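Engineer: Could you work out the structure for the sequence below:
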Amino acid sequence: MLARAIRVARQVPGISEVFVSTDDKSIAIEGEREGAIIIHRPAELACDDSPEWFAWQHAVNYVQEVYGSFDRFVSLPTTSPLRISTDILLALEKFEQSEDSDLCLAITPSSRSPYFNMGKLNQVGHFERFISHDSSVERRQDAPKSYDITTVVYVTTPEYILNNESLFDGNICTIEVPKERAVDIDDWMDFKFAEVLVKEGKRDEQQ
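Structural biologist: Have a look, this model is predicted:
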């Protein structure tokens, strides 16, 4: 998945260099094999509960100190292996066109709605919808369209990362990607699903 992320980044004219931030030696070796520059991430920023934002800040500081200033920061997490270069290009273009936006990310239409079939268990164990107070929404068709945030692509500036504490501190613009490219691998089921889509894509190319 790392190789796929590096290779698709290489296809985007606006990306001048590719960096891999990791504390893992095997990942670093694979990144170097693919021609990426390795940023050795501190162990405390590589734990399962480490905020990715802090890793971004570490990466920005490293690049500025070693290579000098740069204008745009593009993050391509390896957990979205089905992205294509067009997704990245669209995000870069949308960010450039949105003068009041601090960051651009990719979204995809949600299969579930917080107005109908998404909820939580309350203090006594009963199920409650996340949004149930809006009496104007009686049918699913009347509910506002909902979206899932993907890890397909993030575009922002070094300054925004260094001067803020989280992704959503500023104004966010978006691009929409289809579900077949928005698979975010969190567990083995996601991986198997992505594997099927990759195989289907190769089969279509051969036909």
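Engineer: Tell me the strands beside the longest strand anywhere in the chain, with direction?
Structural biologist: Taking DSSP state E as the criterion, the chain has its longest strand at strand 147-156. Applying DSSP bridges, strand 147-156 is found paired with strand 73-75 (antiparallel), strand 103-109 (antiparallel).
Engineer: What residues of that strand count as buried?
Structural biologist: Buried residues in strand 147-156, counted by 16 or more other C-beta atoms under 10 Å: 149-156. Placement of C-beta: from N, CA and C, glycine included.
Engineer: Going toward the C-terminus from that strand, what's the next helix or strand?
Structural biologist: Next in sequence after strand 147-156, counting helices and strands by DSSP states H and E, comes helix 158-162.
Engineer: continuing past that following helix, what's the next helix or strand?
Structural biologist: Following helix 158-162 in sequence, per DSSP H and E, is strand 172-176.
Engineer: could you say what helices and strands that following strand packs with?
Structural biologist: Packed against strand 172-176 by the contact rule (3 or more C-beta pairs under 8 Å, 6 or more residues apart in numbering; DSSP states H and E) you find helix 85-97, strand 103-109, strand 147-156.
Engineer: what would these look like in a markdown table with distance to Glu17 and mean pLDDT?
Structural biologist: Shown next, in a markdown table, are the helices and strands packed on strand 172-176 (distance: least, C-beta to C-beta, whole Å; pLDDT from 0 to 100):
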| stretch | distance to Glu17 | mean pLDDT |
| --- | --- | --- |
| helix 85-97 | 14 | 97 |
| strand 103-109 | 20 | 96 |
| strand 147-156 | 15 | 96 |
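Engineer: can the ones you listed go into JSON lines with extra columns for distance to Arg4?
Structural biologist: Converted to JSON lines, the helices and strands packed on strand 172-176 look like this (distance: least, C-beta to C-beta, whole Å):
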{"stretch": "helix 85-97", "distance to Arg4": "11"}
{"stretch": "strand 103-109", "distance to Arg4": "16"}
{"stretch": "strand 147-156", "distance to Arg4": "12"}
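Engineer: From Asn117, how far off is Arg4?
Structural biologist: Per C-beta to C-beta, to the nearest Å, Arg4 is found 33 Å from Asn117.
Engineer: swap in Lys145?
Structural biologist: From Lys145 over to Asn117 the distance is 15 Å, taken as C-beta to C-beta.
Engineer: Give me the more crowded residue out of those two.
Structural biologist: Remark: of Lys145 and Asn117, Asn117 carries more neighbours, 11 against 7, as counted by other C-beta atoms under 10 Å.
Engineer: For that one, give me the pLDDT.
Structural biologist: Note for Asn117: predicted pLDDT of 77.
Engineer: quick revisit: just the buried residues of strand 147-156 now: which is nearest Glu30?
Structural biologist: Glu30 lies nearest to Thr151 out of those, by C-beta to C-beta, at 19.1 Å.
Engineer: distance of the closest one from Pro77?
Structural biologist: Distance of Thr151 to Pro77, computed by C-beta to C-beta: 4 Å.
Engineer: With Glu34 instead?
Structural biologist: 16 Å.
Engineer: what do you get for Tyr62?
Structural biologist: Using C-beta to C-beta, Tyr62 is found at 18 Å from Pro77.
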